[in-house]
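Novice: Dropping a prediction and its sequence here:
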Amino acid sequence: MALSIFILQLAVRILACPLYLLNFLGLWNGICKKCFPFFLARFTATYNKQMASQKRELFSSLQEHGSPSGELSLLELGCGTGANFKFYPPGCRVTCVDPNPNFEKFLIKSIAENRHVQFERFVVAAGENMHPVADGSMDVVVCTLVLCSVENQERILQEVRRVLRPGGAFYFLEHVAAEHSTWNYFWQQVLDPVWYLLFDGCNLTRESWKAVERAGFSKLQLQHIHAPLSMALVRPHIYGYAVK
């Protein structure tokens, strides 16, 4: 099996040779950072339609973690185009963090389409170092389709716990590695190296639930699901929330 994966990976890399050449020359990252938001805007529109019921269920309890006054301070980590805004409760104050500044114009469009939320600011920063966000300043942190592409999951989750107030909650929805005995996992391994370049650092084979389980939250509700998506490679998902 390992030999088959190696041979197929080699074949895929040969087919993707121009992409690897651009990456070797240091040109691909800049191209990807500019083009990826346009792809993500289309992808998330489709993803929201296919995952609408799961997102509504997941975010239905957000308000429970607000302050006694009823206000809800929410930080979205890896906000992308703002595709989650439509699922947030009215009046919540949203701070967005993303390392790619090219998402800002897409966020502005999402804000205009979702007047029920109160947009606070857009912070250009990696999730591993959200120093502009104060300790204990957030009621909720939301992270969807982000842990697959971060450099250090453990550091990200440390930062999540830092910015959450005591009793605050971390909500997540992530695609993950398939079960190891399946053909889906076989093809995830074959395509992962090229997928990583094409989709701005996204990994198909991460077992992100393990990092969440080790993060030290006082309470964790985590489910594995087979998402109703058209692309089989990203159907394995986890979702839930954790309380600091």
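Specialist: Sure thing, it's come through.
Novice: what about the longest helix in this structure?
Specialist: Ordering each helix of the chain by length in residues (DSSP state H) puts helix 28-50 first.
Novice: for the next helix or strand after that helix, what is the average pLDDT?
Specialist: As assigned by DSSP states H and E, the chain's next helix or strand after helix 28-50 is helix 52-59. Taken as a whole, helix 52-59 has an average pLDDT of 95.
Novice: List the buried residues in helix 52-59.
Specialist: Within helix 52-59, the residues scored as buried using 16 or more other CB atoms under 10 Å are 54-55, 58-59. For every residue, glycine as well, the C-beta is placed using N, CA and C.
Novice: I figured residue 106 hits residue 44, correct?
Specialist: No - here residue 106 does not reach residue 44: they are 9.5 Å apart, not a contact under CB atoms under 8 Å.
Novice: which neighbours do these two share?
Specialist: Any residue near both residue 106 and residue 44 by CB atoms under 8 Å, 6 or more residues apart in numbering counts here, and that gives 80-81.
Novice: now residue 129: how far from residue 21?
Specialist: 31 Å (CB to CB, to the nearest Å).
Novice: go on, residue 207?
Specialist: 31 Å.
Novice: which parts of the longest helix of the chain are buried?
Specialist: 28, 32, 36-37, 40-41, 43-44, 47.
Novice: now swap in stretch 155-164 and tell me
Specialist: Going by 16+ other CB under 10 Å, stretch 155-164 has these buried residues: 156-157, 159-164.
Novice: returning to what we had before: what packs against the longest helix of the chain?
Specialist: helix 17-24, helix 104-113 (3 or more CB pairs under 8 Å, 6 or more residues apart in numbering; DSSP states H and E).
Novice: now the first one: mean pLDDT?
Specialist: On average, the pLDDT along helix 17-24 is 90.
Novice: about what we covered before: could I get the buried residues of helix 52-59 as JSON lines with distance to residue 212?
Specialist: Below are the buried residues of helix 52-59 laid out as JSON lines (distance: CB to CB, whole Å):
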{"residue": "54", "distance to residue 212": "17"}
{"residue": "55", "distance to residue 212": "18"}
{"residue": "58", "distance to residue 212": "14"}
{"residue": "59", "distance to residue 212": "17"}
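Novice: what's in contact with stretch 61-68?
Specialist: 70, 72-74, 88-89, 92, 139-140, 167-169, 171, 241, 243.
Novice: can you tell me how far residue 240 sits from residue 177?
Specialist: 17 Å.
Novice: For this protein, which segments are assigned as strands?
Specialist: 73-77, 93-98, 118-124, 138-144, 164-175, 219-226, 236-243 (DSSP state E).
Novice: between these, which gets nearest to residue 195?
Specialist: Of all the strands of the chain, strand 164-175 sits nearest to residue 195, with 11.2 Å by CB to CB.
Novice: still on that earlier bit, between the buried residues of helix 52-59, which is nearest residue 188?
Specialist: When the buried residues of helix 52-59 are compared against residue 188 (criterion: CB to CB), the nearest one is residue 54, at 20.8 Å.
Novice: what residues are up against the closest residue to the closest one other than its chain neighbours?
Specialist: Leaving aside its sequence neighbours, residue 54 sits nearest to residue 239 (CB to CB, 6 or more residues apart in numbering; 6.4 Å). Applying CB under 8 Å, 6+ apart, we find residue 239 in contact with 54, 58, 172-174, 222-223, 225.
Novice: Much appreciated, bye for now.
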